[in-house]
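Peer 1: What follows is a predicted structure for the sequence shown.
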Amino acid sequence: GAVVSQHPSRVICKSGTSVKIECRSLDFQATTMFWYRQFPKQSLMLMATSNEGSKATYEQGVEKDKFLINHASLTLSTLTVTSAHPEDSSFYICSARDKDRFFPTEAFFGQGTRLTVV
Amino acid sequence: AQTVTQSQPEMSVQEAETVTLSCTYDTSESDYYLFWYKQPPSRQMILVIRQEAYKQQNATENRFSVNFQKAAKSFSLKISDSQLGDAAMYFCAYRSRHSGNTPLVFGKGTRLSVIA
């Protein structure tokens, strides 16, 4: 199976600072990556979709200037939470897909990042 | 827009028994994929089983099987011979087949407890 590595698994930052979360596909080329946010005991809510070399497409209500997504290579996508505030505290999960290699529907998930803003 | 509904926030099952988790969805599309994902306490999302809407045969993966009723837009998951390791959040998900870039749409999840 394919592996998606997400780093860091946990991060605590001060209010007003920025934090970057990395999502790497280790053994396949991730032509598309998805970023989700999950609040405690809730479902995964899609934040944005990114294709390698293109600008990310954000879901309605997600501030693109606050949640910066970069998908500059086929193996790495980053989510930067800028000027973080306590309400940004959440669990963030990335998911990657290689439409040319795997069963077209297959999507692989990272381990997630628990962000706490204090 | 497609929606996925899981009407059971919590379920419990005795070890070795069988449990069925419910899922309904709403879509105007005729071709799509359906999934069940498991999220254990580690929060790593694990694919349990998938179903292609154009296939009438219900998917099975070892102890896991689905009852796919396309006309009723229902997609339930049956877990047989439940094990302690099955305890987790289970999410039903939908994905359109029309594009390789479409994301998964998740239900709100069902928390499954397995009683020893």
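Peer 2: Received it, and whenever you're ready, just let me know what you need. These numbers come from a predicted model, not from an experiment.
Peer 1: residue contacts, the nearest residue to residue B:13 once chain neighbours are set aside?
Peer 2: Nearest non-adjacent residue to residue B:13, counting by CB to CB, 6 or more residues apart in numbering or on different chains: residue B:19, 3.8 Å away. Bear in mind the C-beta positions are built from the backbone N, C-alpha and C, glycine included. Residues near residue B:19 by CB atoms under 8 Å, 6 or more residues apart in numbering or on different chains: B:11-13, B:78-79, B:82, B:112.
Peer 1: Could you do residue A:35 as well?
Peer 2: A:23, A:46-48, A:50, A:67, A:69, A:77, A:79, A:92-95.
Peer 1: out of those residues, which is most surrounded?
Peer 2: residue A:77 (31 neighbours; other CB atoms under 10 Å in any protein chain shown).
Peer 1: on that earlier part again, quick check: pLDDT value at the residue nearest to residue B:13.
Peer 2: As predicted, residue B:19 sits at a pLDDT of 98.
Peer 1: ok, now residue A:106?
Peer 2: Looking at residue A:106, the pLDDT reads 67.
Peer 1: Chain B versus the closest residue to residue A:54 other than its chain neighbours, what's the distance?
Peer 2: Using CB to CB, 6+ apart and skipping the chain neighbours, the partner closest in space to residue A:54 is residue A:71 (7.3 Å). Distance, residue A:71 to chain B, by CB to the nearest CB, to the nearest Å: 12 Å.
Peer 1: Just the pLDDT for residue A:71.
Peer 2: The confidence metric pLDDT takes the value 89 at residue A:71.
Peer 1: tell me the contacts of it?
Peer 2: Residues near residue A:71 by CB under 8 Å, 6+ apart: A:33, A:50-54, A:56, A:77.
Peer 1: tell me which element it falls in.
Peer 2: strand A:67-73 (DSSP states H and E).
Peer 1: from the chain's centre, how far out does that strand sit?
Peer 2: Distance, stretch centre to chain centre, for strand A:67-73: 9 Å (CA atoms, centre = their mean, to the nearest Å).
Peer 1: quick one, what contacts the residue most central in space within chain B?
Peer 2: Nearest to the geometric centre of chain B sits residue B:36, at 3.0 Å (CA atoms, centre = their mean). Listed by CB under 8 Å, 6+ apart, the contact partners of residue B:36 are B:21, B:23, B:47-50, B:64, B:66, B:75, B:77, B:90-93.
Peer 1: For the closest residue to residue A:12 other than its chain neighbours, I want the exact helix or strand it lies within.
Peer 2: Among residues not flanking residue A:12 along the chain, residue A:116 sits closest, at 4.7 Å (CB to CB, 6+ apart). Residue A:116 is part of strand A:113-117 when elements are defined by DSSP H and E.
Peer 1: In CSV, please show the C-alpha coordinates belonging to that strand.
Peer 2: Extracted C-alpha coordinates of strand A:113-117, given in CSV (Å, rounded to 0.1, in the frame of the first residue of the first chain):
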residue,chain,number,x,y,z
THR,A,113,-1.7,16.9,13.1
ARG,A,114,-3.2,18.1,16.3
LEU,A,115,-2.8,21.8,16.5
THR,A,116,-3.2,23.7,19.7
VAL,A,117,-3.0,27.5,19.7
